[in-house]
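# Just a sequence and a predicted model for now, questions to come.
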Amino acid sequence: MKTMIVGCRNCLLRRKSPWIPMKDPNELRQVILSLPPPLAVNAISSILHSLRRPSVSRQHHHHPILSSLLTSLLPNLTTSTDSIPTVHFPLSLAVLQSFFRSGLPPPPYTRSSLSDLYIHLRRRHHLVPVFKLLKSLNDIDFRFDSKTCDYLIGALCCTGEVEEAARVLRGVRRAGGMPDSESYWKVVERCCESKNFELGLELMRFMVEEEGMMLKKGMVGRLVKAMRKVREVRKSVEVVRWLERQGCEVEFDGYARIVEGCLENKEFVLAGKVFVEMTKRGFLPFAKVRRKVFDGLAGIGQHELAGDVRRLLFDIGS
């Protein structure tokens, strides 16, 4: 066992920069693949634990070692996912945690490679619940934490695997992790951008009603922006009104984006109604937007609503 660990370390230490490849880039991968899974776990775990010791040199020296390990565990252009053992998934997450702990950024290819490996394992083991795949990190004596959860969800969202990201959110608690509101909103935003509103609203309801999470500043604005991109302004109004009923605070940015989206879609009546609502809550749209709302309503013969808008502006001295 000690000889195998030394063999892995020797391969790693030849690499002096994270972006300068080793003479033989597949050397470490071949060493790791030659080990039976239990020995691979022991070898890599030993290396990762050794990097935590105070006697080990400064953190920036860890980057080449961690980058090489990650490169060897994840699929790449020359390696099929079929040839990668299942244990490489939790080992990859353990290496990622070492990156997070050191305050170092993982290599740029990591998100797509990690997503590819996860999706491949889900298809290979389609009868295994998601939480068991996530819990495999605990099985090698590492803990599935919120940072790991957030990174995996972000990786799946970036590669268009929104439904799998939602399954991770549902299964993470049983794996010992704790998703935060940012993890939920990454998936909700992607759902909105892909017009999968049913899934997005289901996750949002679960987040607010079941998890009891409050929205962070700017989140409603981000949501409306995502829905505005796909021209779903009416749906965004429904969502914002539902959030208000749940006691969530909707800020100026959320209302302003809705009104601007309504104007883009020539939904002048809806723009006028939202304009009135936001003004009554103390939010005043920009002067250019105010004028467009009034002119749009007058132009389609909605003189009563246009009058309401004018009276509101008069009352606040605008």
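Everything's here; your move. Everything numeric here is computed off the predicted structure, so don't read it as measured data.
# Need phi/psi at the residue most central in space within the chain.
Geometric centre of the chain, nearest residue: residue 154, 3.0 Å, by C-alpha atoms, centre = their mean. Main-chain dihedrals, residue 154, degrees, to the nearest 10: phi -60, psi -40.
# Give me the distance between the helix or strand residue 221 falls within and the centre of its chain.
Here residue 221 sits within helix 219-229, counting by DSSP states H and E. What separates the centre of helix 219-229 from the centre of its chain is 15 Å, taken as C-alpha atoms, centre = their mean, to the nearest Å.
# With adjacent residues omitted, what lies nearest to the residue nearest to the centre of the chain?
Spatial nearest neighbour of residue 154, chain neighbours left out: residue 186 (5.8 Å); criterion: C-beta to C-beta, 6 or more residues apart in numbering. Glycine gets a C-beta too; all of them are placed from N, C-alpha and C.
# and that neighbour, what does it touch?
150, 153-154, 157, 165 (C-beta atoms under 8 Å, 6 or more residues apart in numbering).
# Same list, those, but as JSON lines with distance to residue 308 and secondary structure please.
Output for the contacts of residue 186, formatted as JSON lines (distance: C-beta to C-beta, whole Å; DSSP: H, G, I helix; E, B strand; the rest coil):
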{"residue": "150", "distance to residue 308": "44", "secondary structure": "helix"}
{"residue": "153", "distance to residue 308": "44", "secondary structure": "helix"}
{"residue": "154", "distance to residue 308": "44", "secondary structure": "helix"}
{"residue": "157", "distance to residue 308": "41", "secondary structure": "helix"}
{"residue": "165", "distance to residue 308": "43", "secondary structure": "helix"}
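# And those residues, which of them are buried?
Neighbour counting by 16 or more other C-beta atoms under 10 Å classes 150, 153-154, 157, 165 among these as buried.
# what residues are up against residue 153?
So residue 153 contacts 165, 168-169, 179, 183, 186-187 (C-beta under 8 Å, 6+ apart).
# Now with 7 Å, please.
Counting by C-beta atoms under 7 Å, 6 or more residues apart in numbering, residue 153 touches 165, 168-169, 183, 186-187.
# Could you work out the most separated pair of these?
The most widely separated members of those, counting by C-beta to C-beta, are 168 and 186 (10.7 Å).
# ok, back up a step: phi, psi of the residue nearest to residue 154?
According to degrees, to the nearest 10, residue 186 has phi -60, psi -50.
# Just name the shakiest helix or strand of this structure by mean pLDDT.
helix 2-13 (a mean of 48; mean pLDDT, DSSP states H and E).
# Residue 126: which of the contacts of residue 153 is nearest?
Once C-beta to C-beta is applied, the member of the contacts of residue 153 that ends up nearest residue 126 is residue 168, at 15.5 Å.
# isn't there a helix covering that closest one?
Yes. According to DSSP: H, G, I helix; E, B strand; the rest coil, residue 168 belongs to a helix.
# And the pLDDT at it?
On pLDDT, residue 168 comes in at 90.
# wait, it sits on residue 150?
No. When contacts are counted by C-beta atoms under 7 Å, residue 168 is not listed as touching residue 150 (10.1 Å).
# hmm, who's touching the helix holding residue 221?
Contacts of helix 219-229 (C-beta under 7 Å, 6+ apart): 185, 188-189, 192-193, 235-236, 239-240, 243, 250-251, 253-254, 257-258, 261.
# Kind regards, and thank you for your time.
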